[in-house]
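**Student:** predicted model, plus sequence, below.
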Amino acid sequence: MSETTQSQETSGTDSSTGQPLQTVAGETEEETRPEWIDYRFDGAAKLVSEDLDVFYGDDHAIKGVSMEIPEKSVTALIGPSGCGKSTFLRCLNRMNDRIKSARIDGSVTLDGEEIYQDGVNLVELRKRVGMVFQSPNPFPKSIRDNISYGPRKHGDIETGLLARLLGRSNEEEEEELVERSLRQAALWDEVKDRLDDNALGLSGGQQQRLCIARALATDPQVLLMDEPASALDPIATSKIEDLIHDLAEEYTVVIVTHNMQQAARISDQTAVFLTGGELVEYGDTDKIFENPESQRVEDYITGKFG
Ligand SMILES: Nc1ncnc2c1ncn2[C@@H]1O[C@H](COP(=O)(O)OP(=O)(O)O)[C@@H](O)[C@H]1O
Ligand SMILES: [Mg+2]
């Protein structure tokens, strides 16, 4: 997206009518007010971004986003396609580091600690801040191995002959981990009798819950979800939504969704990004949907554009 569709420097009004100037469809040259994103909440902030900018080459995808995300709750990121939701989400566990053209300026802290500083262990960071993607992407392995693969790779679990010979076998721990993670993801009852079956034989909704279980197996504190239900049918979607709601008792969940009803149903607070990578308004979900401050946010929510 180019920067030319909105300019924050001018809060243009038509001198004859006093009405805001119309620019592109449904948008006005409204100036974003700092208090619109100054969300006050009880409890601790888990993640805090400050003046975060992301560039892909010359393309400025995220513009100076400052946002505090409360712990143990569901934060929804909404906004039209291309406004930078996925980009912002990926900043929260440094997933954008994998994109060659991406450059990130500014700060993100997790429990008060800067994640964009030298020496941060990215494997550890991504264990603490897990991610679930739009299309379920289980490994082409057994259901059990999908859960235990990560912890094994990181040396948290050892099984097999050598481990047995060395007296370091964690087979029981592995079983416990598999069961706990699958139960947490509300999948255990459906798969407990076929843990050795290939995960690719599960339905789409089951595969997505397996991916959530896999993320939970590394004992994260935060779960980032990028449109986790957009490829699923309504019943599978509703199971994922119930699950997200339950997970927020223990975890901090940040979810991107283009489905506004979904954001309204499952989130505690909602952040609205608009074209140009700007965070325009952030607050209690009820307030954002019922009585937003920004005209552009109201236009977006009422379906006038996007
Ligand atoms: N890997 C990438 N390389 C270059 N540009 C990208 C990349 N990912 C996203 N963009 C651009 O950044 C902007 C924001 O994209 P994205 O974060 O995917 O938005 P959203 O998730 O809200 O649809 C878009 O203009 C998009 O084209
Ligand atoms: Mg996206």
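**Tutor:** Ah, there it is. Computed from a prediction, not measured in an experiment: that's the story for all the values here. Numbering: from 1, shown residues only. Ligands and ions are numbered 1, 2, ... in the order given.
**Student:** only C-alpha atoms for contact and neighbour calcs from this point on.
**Tutor:** OK.
**Student:** I'd assumed residue 234 was in contact with residue 204.
**Tutor:** No: the pair residue 204 and residue 234 fails to qualify as a contact (CA atoms under 8 Å) at a distance of 11.6 Å.
**Student:** higher neighbour count, the two?
**Tutor:** When neighbours are counted by other CA atoms under 10 Å, residue 204 and residue 234 differ, and residue 204 comes out ahead with 18 against 12.
**Student:** contact partners for the more buried one?
**Tutor:** Applying CA atoms under 8 Å, 6 or more residues apart in numbering, one finds that residue 204 lies in contact with 136, 231-232, 236.
**Student:** repeat that for residue 133.
**Tutor:** With contact taken as CA under 8 Å, 6+ apart, residue 133 is in contact with 225-228.
**Student:** pick the one among the residues you listed closest to residue 257.
**Tutor:** Using CA to CA, residue 227 is the member of those that lies nearest residue 257, at 4.8 Å.
**Student:** quick check: that closest one vs residue 240, distance?
**Tutor:** Distance, residue 227 to residue 240, by CA to CA, to the nearest Å: 11 Å.
**Student:** what about this structure, any weak spots by pLDDT?
**Tutor:** 1-28, 306 (pLDDT under 70).
**Student:** residue nearest the middle of it, spatially speaking?
**Tutor:** Relative to the mean C-alpha position of the chain, the nearest C-alpha, by CA atoms, centre = their mean, is the one of residue 224, at 3.2 Å.
**Student:** mind listing the strands the helix or strand where that one lies pairs with, and their directions?
**Tutor:** Counting by DSSP states H and E, the element that carries residue 224 is strand 222-226. Here strand 222-226 has these sheet partners by DSSP bridges: strand 129-132 (parallel), strand 252-256 (parallel).
**Student:** picking up where we left off before, want to throw the contacts of residue 204 into a markdown table with neighbour count, distance to ligand 1 and secondary structure?
**Tutor:** What follows is the contacts of residue 204, written out as a markdown table (neighbours: other CA atoms under 10 Å; distance: CA to the nearest ligand atom, whole Å; DSSP: H, G, I helix; E, B strand; the rest coil):
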| residue | neighbour count | distance to ligand 1 | secondary structure |
| --- | --- | --- | --- |
| 136 | 22 | 17 | coil |
| 231 | 15 | 15 | coil |
| 232 | 19 | 18 | coil |
| 236 | 17 | 22 | helix |
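**Student:** ok, the strand holding residue 224 near ligand 1 or not?
**Tutor:** No: contact check for strand 222-226 against ligand 1, using CA under 6 Å from any ligand atom: none in range, with a minimum separation of 8.0 Å.
**Student:** kind regards, and thank you for your time.
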